[in-house]
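Colleague: how would this look folded up:
(one chain, ligands or ions: 2)
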Amino acid sequence: MTREMEAARGWVRDCTSLCVLTGAGVSAESGVPTFRGPEGLWRQRDPMSLATPEAFAEDPKEVWEWYQWRRQRIRGCAPNPGHAALAAVEAAKPDFLLVTQNVDGLHLAAGSRRVAEIHGSIWRVRCAGCGAEREERSDFAELPPRCAACGGLLRPGVVWFGEMLPREPSDAAMEMLTRCEVLIVAGTSAVVAPASGYAAVAKRRGARVIEVNPDETPVSGICDATFRGRSGEILPVLLG
Ligand code: NAD
Ligand code: ZN
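Modeller: Ligands and ions are numbered 1, 2, ... in the order given. Down below sits the predicted model:
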């Protein structure tokens with residue numbers, strides 16, 4: 001074990017207030033494609049152009065076909081050892097919050113409970129007409145699906161590019177960033193706002209910031225420790 005890993009393990013072990021920010025990379029080893037990898041493409045389309053309110057307004061059927069494809073794909077994915085390590089460390093910490101940009105539900109499936117899903121969940125649907133929201137795990141027979149109550153278009157319960165984050169989880173994330181002693185940033189390219197700014201918020205108040213990512217990111221420079229590798233391999237060591 002490197003000295004950097006020994007030091008980082010010590011910060012995690014000794015803190016009482018731990019925050020973790022995760023992104024698509026944490027689910028990559030479970031088989032969920034990230035947006036920025038080559039695997040993210042669907043019918044040669046860039047996900048960044050599909051996950052927008054504009055795309056949905058223009059062609060809700062196509063956007064839903066893409067979500068249905070992602071839902072089917074994620075349904076066959078199981079949590080990996082990185083998810084499991086995060087669920088286990090939660091039990092040892094009086095103050096803990098897992099802030100995730102992932103919409104796949106794999107943290108909850110792994111047993112994490114104090115989770116802020118700041119980008120929503122692919123397993124939720126919301127009516128664009130009356131606003132009613134519910135969990136829906138099965139496929140829809142007809143796309144785009146419609147609301148049984150008002151006939152409006154149903155949309156995936158996720159946050160699209162250019163949309164505001166849901167109030168409750170994003171407030172919880174912000175509060176945690178103002179008090180955590182350690183922040184772990186794992187599997188996120190850290191280019192999507194506002195999560196991209198979370199590390200700087202914690203760092204400014206003196207929290208230790210640890211990054212887990214195979215690649216360098218815009219937040220790497222302010223981290224107290226960086227581990228270049230897969231989260232499914234590194235998180236069990238860091239948190240073990
Ligand atoms: P991203 O696709 O922009 O970046 C993924 C990051 O993970 C990259 O920095 C990459 O180097 C890193 N990575 C790849 N494999 C890894 C591994 N095995 N271990 C650790 N890191 C690894 O993802 P993002 O930063 O989460 O932002 C993209 C947006 O897309 C988010 O808003 C998110 O809601 C959405 N999204 C979610 C999922 C999901 O729910 N699983 C999947 C794709 C996109
Ligand atoms: Zn409705």
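Colleague: Any part of stretch 128-146 near ligand 2?
Modeller: Yes: interface with ligand 2: stretch 128-146 contributes 129, 130 (CB under 5 Å from the ion). Bear in mind the C-beta positions are built from the backbone N, C-alpha and C, glycine included.
Colleague: Identify each buried residue in that stretch, please.
Modeller: Of all the residues in stretch 128-146, those buried under the rule 16 or more other CB atoms under 10 Å are 128, 143, 144, 145, 146.
Colleague: Tell me which two of those residues sit farthest apart.
Modeller: Among these, the pair separated by the greatest distance (CB to CB) is 128 and 143, at 14.3 Å.
Colleague: check the buried residues of stretch 128-146 against ligand 1, which are close?
Modeller: Counting by CB under 6 Å from any ligand atom, nothing from the buried residues of stretch 128-146 sits close to ligand 1.
Colleague: Go through these and say which is closest to residue 72.
Modeller: Nearest to residue 72 among the buried residues of stretch 128-146, with distances taken as CB to CB, is residue 143, at 12.6 Å.
Colleague: for that closest one, what are its contacts?
Modeller: Residues in contact with residue 143 (CB atoms under 8 Å, 6 or more residues apart in numbering) are 61, 64, 65, 68.
Colleague: Now do the phi/psi pair for residue 156.
Modeller: When read as degrees, to the nearest 10, the backbone of residue 156 gives phi -60, psi 140.
Colleague: Could you tell me the per-residue confidence at the residue lying closest to it once chain neighbours are set aside?
Modeller: The shortest distance from residue 156 to any non-neighbouring residue, by CB to CB, 6 or more residues apart in numbering, is to residue 67 (4.9 Å). On the pLDDT scale, residue 67 is placed at 96.
Colleague: any idea how far residue 67 is from ligand 1?
Modeller: According to CB to the nearest ligand atom, to the nearest Å, residue 67 stands 12 Å off from ligand 1.
Colleague: what's the single longest strand in this protein?
Modeller: Looking across the chain with DSSP state E, the single longest strand is strand 120-127.
Colleague: Looking at the following helix or strand past it now, give me its mean pLDDT.
Modeller: Where DSSP states H and E defines the elements, the next helix or strand beyond strand 120-127 is strand 133-135. Here strand 133-135 scores 96 as its mean pLDDT.
Colleague: by contact count, what packs against strand 133-135?
Modeller: The contact analysis (3 or more CB pairs under 8 Å, 6 or more residues apart in numbering; DSSP states H and E) places strand 133-135 against strand 120-127.
Colleague: Off-centre distance for the strand it packs on?
Modeller: How far strand 120-127 lies from its chain's middle: 14 Å, per CA atoms, centre = their mean, to the nearest Å.
Colleague: so what strands line up beside it?
Modeller: Partner strands for strand 120-127, per DSSP bridges, with pairing direction: strand 133-135 (antiparallel), strand 154-158 (antiparallel).
Colleague: Export the ones you listed as a markdown table, with columns for distance to residue 85.
Modeller: Listed next are the strands paired with strand 120-127 as a markdown table, based on distance: least, CB to CB, whole Å:
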| stretch | distance to residue 85 |
| --- | --- |
| strand 133-135 | 26 |
| strand 154-158 | 25 |
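Colleague: Of these, which is nearest residue 118?
Modeller: With CB to CB, the closest approach to residue 118 among these belongs to strand 154-158: 10.5 Å.
Colleague: Format the CA atom coordinates belonging to the helix or strand bottoming out on mean pLDDT in the chain as CSV.
Modeller: Least confident helix or strand, the chain: helix 47-50 with a mean of 90, by mean pLDDT, DSSP states H and E. Provided in CSV are the C-alpha atoms of helix 47-50 (Å, rounded to 0.1, in the frame of the first residue of the first chain):
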residue,chain,number,x,y,z
PRO,A,47,-26.4,11.4,-25.0
MET,A,48,-25.8,15.0,-24.3
SER,A,49,-28.1,15.9,-27.1
LEU,A,50,-30.9,13.5,-26.0
